[in-house]
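K.L.:
any chance you can model this:
(chains A, B and C)
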Amino acid sequence: MSLLTVNDLKVHYPIRGGFFRKVVDHVRAVDGISFELQPGETYGLVGESGCGKTTSGRALIGLNKATSGEMLFEGKDLAKMGKAERRGYTKDIQMIFQDPYSSLNGRKNVLSIIAEPLRNFERLSPKEELLRVQELVARVGLNPESIYKYPHQFSGGQRQRIGIARALALNPKLIIADEPVSALDVSVQAQVLNFMQEIQKEFDLTYLFISHDLGIIQHMCDRIGIMYRGRFVEEGTASEIYNNPQHVYTKRLIAAIPEMNPEKRFEKMHLRQSINEEYQTEYNNYFDKDGRMFDLKKISDSHSVAMQ
Amino acid sequence: MLKFILRRTLLMIPQLILLSLIIFMLAKAMPGDAVTGAFMGNPDATPEQIEKIREKFGLNDPWYQQYGRWIGKAVKGDFGQSYTHQQPVTTLIAGRVENTVLLSLFTAIMIYLMAIPLGIIAGRWTDTWADKMIVTYNYFAFATPLFVFALLMLFLFSFVLGWFPIGGTVDIRIETGTWDYVVSRAKHLFLPVMSAALIGTYATIQYLRNDIIDQKIKDYVKTARAKGVPEGKVYTRHILRNSLLPIAAFLGYEITGLIGGSIFIESIFSYQGLGQLFLQSINLRDFTVVTALVMIFGTATIVGTLLSDIILSIVDPRIRIE
Amino acid sequence: MKKPVLDIKDLRTSFRIKGDYYAAVDGVTLTVHENEVVAIVGESGCGKSALALSIMGLHDHKNTKLEGQVNFGDENLLSLSRSRLNKVRGKDIGMIFQDPMTALNPLATIGRQIEEPMDYHMKLSASDKKKRTMELLRRVGIKNEQRVYEQYPHELSGGMRQRVVIAIALACDPVLLLADEPTTALDVTIQAQIMDLMKELQNQMKTGIILITHDLGVVAEMADRVVVMYAGEVVEIADVKELFENPLHPYTRSLLNSIPSNLEAKEKLHVIDGIVPSIQNLDREGCRFAPRIEWIPEEDHEKNPEMHEATPNHFVRCSCYKTFYFPEDRVGEREYVATNS
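P.N.:
So this is what the prediction gives:
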């Protein structure tokens, strides 16, 4: 059984206008997406800014309200739950945020930051709590003495590991990682990514990995969903997406990855140009008359594309 | 744009109704009423007589009836009769509006004339002696209570040096319309305006200084420098445009704020304006005047906010009003 | 041999922190030739941005000390008066900034902002200026130039704004462009568009470009020559093909191995031990990268690391590159176990 099933999820925001500030239209931030997460896999949600990937992640954790659709976590619909019932599931679903500089409260020391979810959900004696936090801090590779330090005393990579330790505190099943390494330098990125892979095995975690960086997504993910204007344009395994992209937008994204072989740079430039031409000439195959993506259609067991 | 102004103007109606209700309730809650005021100092009035008059003026009716009568007249510009001055409140206020408007207008002009250059100097040349002096002045202006400063000015320039009249709005012996009349008005205005302005500059200076310091490290300023724009032009064409924008927008608040805020200044300089009238009427419990004035001050604030929004939408291209 | 446009000699940029000066750029020497794209690459704190700001005189004049030479034409830019420098900035050297969202004045129209450098460096009539601006807008790939000319920055998308920033840099036909992370703030597909546009313009206009970036992918796509910086120093200089085929300095090699797209999926990424030292805590004696490759014996480093020409036109600092290896490549071997026990 899949761990999480998202069915036709929509997150719309009203646009008000006119004399009486009536709702005249909606921003369709997320406009009907469906996907499933299998236990233990890393699912990549990719797209450019404004495509709705972050909004989707936030809707899953309850930070944005879903307008409609289902979010079945172990068979139970998170969207239909009341606040109290949903709280029970926040234990199982945790989030890692993009900016390790602002997502940690600067006035709390590491101990209180990591202990916060424990205090909310588990009744531990101060001694038990301290032991648990020390264990977590050691697990993310920080000095156990550092629990009395404050976030500004750490580097970006260390801060992101504190964020991960907090997310791990309640033994979650699913971690939603929203651009977890975008704010970090390349070598620090590597550290955090390696570490995320290690703990995935160790704690049997499932990841929903949200990123705009196709290199990182390729490296981390088993399956990938490509988002554009609030909808999926393509979904498939990493190799299907990278080696056999079908939708013109996916092709465009893949072609935009900088070419690491300097001798092939002009080849790459021409590839981009030809994809741009395809975008112009074949537009009607990929978008309907309102400029909306078509629904996903399966082209193999694991690969689907939004084409007519 | 027109639609926006219309919409905002209509939105003012519920605001004004709420304001008037609050004012009316507060006036009712105060000890004594118009009749108490009218018969103050007349020990011969018997309780029966007073009660009769109360009945006659409708003071025993339910509050909403009284409110309805009051607001109905107020809309037509009739705020009733002042008991201490024995004339209609509207006439009383009308005679003083001009004085207060003149005072606030000149104060505002003086504030901007002083604060804008000072703020620019302090912001552009931070940590120089000029900046340090301006900041010190600013601390004094911020810390000194207006009435203390105004009294000092009055003492020094009127009593000791005798350069300016001690109070009033104009020398009553001079004929209206003559040049001497204008000079006399200016002489009477000078001290109140300068007292209020010297103390009133701190917000604008502080704001401008901080904003220039913020703006000058922004990327677009780097772009301007990288274009080879001379340093002076970097300020006039880029930084100041951005920094002065909120100040222009604040104009609406500032002017209406001054109209209500001239209470101390007018009282200290016995300047025949709305503020002085307000304080006098409170002391004499002339509630019809007080409520009318509060209503005017409140309306001025609401209009000032609207004015500020409109100015901002004109000067800032990023704020687009459909 | 191509003509040099910019010749930086032993540039040292020091910032004052609590009364003392610390060098962020610590003795950088490099030359940019005409029609050449030189990429300066390194992670945050390596001094690449301070280098860019020093060249343009855009540093904080109060708390910064510049030493050395930045020779442009027959002048040392560091010794020019501000008004003389203003004759060079925007005319002979154009600059492209990182974040197009903040690099434009929010209160001026696009047309005005592109015309501004022409006001100071070219004697043109108003109509000629407008004509030139329209042409620039078309050249940077903006099709509805008539409309964009009248618009304000907030009315344009990030990609469009970056095109405008490029148009401003090109306004007076510079011989050198300084691009500070020109694609970092952009979306992936927009980044590709801007890279292609810059390549195209460079081909047409034959300008020299200094491209400052942390992204080795952008380097591979755009540069002719690459300068790798670490802790304020240049550690390696090579032609782009050579650098990617045969990287020598341990830092360059580590950096290349820590990029995901360089590896097969799910393979472990290389992690550089330790952290980049801050300019206050930096040990300026010996090889600056040594603390991060502690398994390399001390005697393999030089006492005063110099740049060596390892192969023709390929320069590398310190001798440690000769014996450098990745510990993960030798797991199980004795020396690795020995250094880690």
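K.L.:
residue contacts, the spatially closest residue to B:Val234 that is not a sequence neighbour?
P.N.:
Setting aside the residues directly before and after it, B:Val234 is nearest to B:Ala224 in space (C-beta to C-beta, 6 or more residues apart in numbering or on different chains), at 5.0 Å. For glycine as for every other residue, the C-beta is placed from the backbone atoms N, C-alpha and C. The contact partners of B:Ala224, by C-beta atoms under 8 Å, 6 or more residues apart in numbering or on different chains, come to B:233-234, B:237-238, C:105, C:116.
K.L.:
looking at the residues you listed, which is nearest A:Asn244?
P.N.:
C:Asn105 (46.3 Å; C-beta to C-beta).
K.L.:
am I right that that closest one is in a strand?
P.N.:
No. The assignment for C:Asn105, made by DSSP: H, G, I helix; E, B strand; the rest coil, is coil rather than a strand.
K.L.:
what's the burial count for the closest residue to A:Arg231 other than its chain neighbours?
P.N.:
With sequence-adjacent residues excluded and distances taken as C-beta to C-beta, 6+ apart, A:Arg231 is closest to A:Met293, at 4.5 Å. Counted with other C-beta atoms under 10 Å in any protein chain shown, residues neighbouring A:Met293 total 23.
K.L.:
returning to what we had before: in strands, which of the contacts of B:Ala224 appear?
P.N.:
With strands taken from DSSP state E, there is no overlap with these.
K.L.:
by mean pLDDT, point me to the weakest helix or strand of the chain.
P.N.:
Since no chain was named, I'll use chain A. helix A:83-90 (a mean of 80; mean pLDDT, DSSP states H and E).
K.L.:
now whichever helix or strand comes after that one, how far from the centre of its chain.
P.N.:
Downstream of helix A:83-90, the next assigned helix or strand under DSSP states H and E is strand A:93-96. Relative to the centre of its chain, strand A:93-96 is centred 10 Å away, using C-alpha atoms, centre = their mean, to the nearest Å.
K.L.:
before we move on, what about stretch C:93-110?
P.N.:
A distance of 18 Å separates the centroid of the chain from that of stretch C:93-110, by C-alpha atoms, centre = their mean.
K.L.:
could you see whether chain A lies near it?
P.N.:
No. Shown here: stretch C:93-110 not in contact with chain A (C-beta under 8 Å from any C-beta of the partner chain), separated by at least 11.3 Å.
K.L.:
same question for stretch B:2-22.
P.N.:
Yes. Stretch B:2-22 reaches chain A (C-beta under 8 Å from any C-beta) through B:3, B:7.
K.L.:
now the contacts of B:Ala224 as CSV including neighbour count, distance to B:Ser20 and pLDDT?
P.N.:
Shown next, in CSV, are the contacts of B:Ala224 (neighbours: other C-beta atoms under 10 Å in any protein chain shown; distance: C-beta to C-beta, whole Å; pLDDT from 0 to 100):
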residue, neighbour count, distance to B:Ser20, pLDDT
B:Lys233, 16, 51, 92
B:Val234, 19, 50, 93
B:Arg237, 18, 47, 90
B:His238, 24, 46, 93
C:Asn105, 23, 45, 94
C:Glu116, 24, 53, 95
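K.L.:
which of those sits closest to chain A?
P.N.:
Nearest to chain A among the contacts of B:Ala224 is C:Asn105, at 23.2 Å by C-beta to the nearest C-beta.
K.L.:
which of the contacts of B:Ala224 sits closest to A:Ile257?
P.N.:
C:Asn105 (33.5 Å).
K.L.:
so the closest residue to the closest one other than its chain neighbours is in which element?
P.N.:
Leaving aside its sequence neighbours, C:Asn105 sits nearest to B:Tyr220 (C-beta to C-beta, 6+ apart; 4.5 Å). Using DSSP H and E, B:Tyr220 falls within helix B:219-226.
K.L.:
just A:Gly44 next, same as before
P.N.:
Going by DSSP H and E, A:Gly44 is part of strand A:42-46.
K.L.:
ok, residues contacting that strand?
P.N.:
Here strand A:42-46 makes contact (C-beta under 8 Å, 6+ apart) with A:35, A:37, A:53, A:56-57, A:200, A:206-212, A:214, A:217, A:220-227, A:238, A:253.
K.L.:
how far does stretch C:295-312 sit from its chain's centre?
P.N.:
Averaging C-alpha positions (C-alpha atoms, centre = their mean) puts stretch C:295-312 24 Å from its chain's average.
K.L.:
one more: stretch A:259-269?
P.N.:
30 Å.
K.L.:
end-to-end on that stretch?
P.N.:
Start and end residues of stretch A:259-269 are separated by 9 Å (C-alpha to C-alpha, to the nearest Å).
K.L.:
is it positioned near chain C?
P.N.:
Yes. Counting by C-beta under 8 Å from any C-beta, chain C is contacted by stretch A:259-269 at A:259-263, A:265, A:268-269.
K.L.:
how about those residues, which pair is most distant?
P.N.:
Longest span within the residues of stretch A:259-269 next to chain C, C-beta to C-beta: A:Met260 and A:Met269, 14.4 Å.
K.L.:
now chain C against chain A: closest residue?
P.N.:
C:Gly217 (2.8 Å).
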